[in-house]
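In: Provided below are the primary sequence and the corresponding predicted coordinates.
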Amino acid sequence: MTGAPPPGLRLNGTLRFGAQVLFRDLSMTVRPGEWTCLLGDSGVGKSTVLRLLAGLETGAALEGEAGATDGAPLEGRIAWMAQSDLLAPWLDLHENLAMGARLRGEPPDRDRAAELLERVGLGPHAHKTPHMLSGGMRQRAALARALIEDRPVALLDEPFAALDLRTRAAMQELAFAELAGRTVLHVTHDPHEAARLGHRILVLTRDGLVEPALPAGLPIRDAAGPEVLEAQARLTRLLLGETRA
Ligand SMILES: Nc1ncnc2c1ncn2[C@@H]1O[C@H](COP(=O)(O)OP(=O)(O)OP(=O)(O)O)[C@@H](O)[C@H]1O
């Protein structure tokens with residue numbers, strides 16, 4: 001990453017879909033250069049938060065503000081990975097990774113695309129189109145496409161959800177290394193993943209944000225270590241509504 005330090009993120013306010021209030025007086029900050037995991041029940045509004053921060057259409061009305069803490073627009077500073085892979089079905093993986101540069105009128109970095117496809121385990125599949133791949137392979141291609149953008153902010157919506165346990169651990173390690181020093185907001189349903197990756201863990205509830213205690217040690221933490229497994233258990237109880245943060 002070159003240039004200015006990554007910005008933090010903030011989202012303050014009340015969000016409505018028509019007459020329905022999705023959240024009221026939410027106050028959320030994401031610290032610059034950290035990996036923040038966002039957990040919460042399905043439908044509570046996690047993807048909407050990411051879309052608001054990315055400046056994407058949500059169909060909702062925000063009475064408040066969403067953006068970077070340095071006050072500058074986030075446009076052009078975000079790598080975005082949606083829940084669905086959003087790969088272009090008519091392009092092979094290599095061309096899918098080149099697409100961002102092409103849309104900006106820049107020459108694609110073919111060596112970097114090849115390197116990233118190799119690192120996500122798709123080197124031998126670089127010239128296949130998405131329909132020839134499994135869901136987990138497409139998700140890894142989407143991760144490579146987010147990483148090639150080389151942006152100071154990454155918004156990741158369940159980026160590892162389709163992966164088996166071993167591949168998931170490896171992709172967590174790859175993404176954590178590639179995005180080191182950047183501002184990452186990562187939506188996940190997996191308490192183990194949050195315990196492993198988070199410099200900070202936030203839980204979005206109908207009543208606002210909860211910030212549970214972190215496991216000991218700095219991320220990325222040992223996937224099978226006691227700190228992660230204990231934090232996974234605590235977070236699981238919290239998400240089941242059995243405890244408070
Ligand atoms: N355009 C829209 N119009 C009305 N309601 C919407 C719209 N988009 C989303 N919602 C509602 O807003 C709520 C939050 O949706 P969102 O996708 O942000 O949830 P989520 O926490 O990311 O869920 P999941 O974990 O299932 O992905 C849901 O109840 C959804 O039905």
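Out: Structure's in. What do you need?
In: switch to C-alpha atoms for all contacts and neighbour counts from now on
Out: Fine.
In: Nearest residue to the middle of this protein?
Out: Leu156 (1.6 Å; C-alpha atoms, centre = their mean).
In: In a helix, it, correct?
Out: No. Looking at Leu156 with DSSP: H, G, I helix; E, B strand; the rest coil, it is strand, so not inside a helix.
In: list the contacts for it?
Out: Going by C-alpha atoms under 8 Å, 6 or more residues apart in numbering, Leu156 touches Trp80, Met81, Ala82, Val184, Leu185, His186, Val187.
In: Run the chain-centre distance for the host helix or strand of Leu143.
Out: Element membership for Leu143, per DSSP states H and E: helix 135-148. From the chain centre to the centre of helix 135-148 is a distance of 12 Å (C-alpha atoms, centre = their mean, to the nearest Å).
In: could you say what helices and strands it packs with?
Out: With contacts taken as 3 or more C-alpha pairs under 8 Å, 6 or more residues apart in numbering; DSSP states H and E, helix 135-148 sits against strand 78-81, helix 93-103, helix 110-119, helix 165-178.
In: ok, back up a step: quick one: which of the contacts of Leu156 has the most company?
Out: Val184 (29 neighbours; other C-alpha atoms under 10 Å).
In: Confirm it sits in a strand?
Out: Yes. Counting by three-state DSSP, Val184 falls inside a strand.
In: Check the contacts of Leu156 and tell me the two furthest apart.
Out: Spanning the widest gap among the contacts of Leu156 are Ala82 and Val184, at 13.7 Å by C-alpha to C-alpha.
In: Quick one: classify the closest residue to Ile201 other than its chain neighbours as helix, strand or coil.
Out: Nearest-residue entry for Ile201: Cys37, 4.9 Å, with adjacent residues in sequence omitted and distances by C-alpha to C-alpha, 6 or more residues apart in numbering. The three-state assignment at Cys37 reads strand, by three-state DSSP.
In: contacting residues around Cys37?
Out: Cys37 neighbours (C-alpha under 8 Å, 6+ apart): Leu185, His186, Val187, Thr188, Ala194, Leu197, Gly198, Arg200, Ile201, Leu202.
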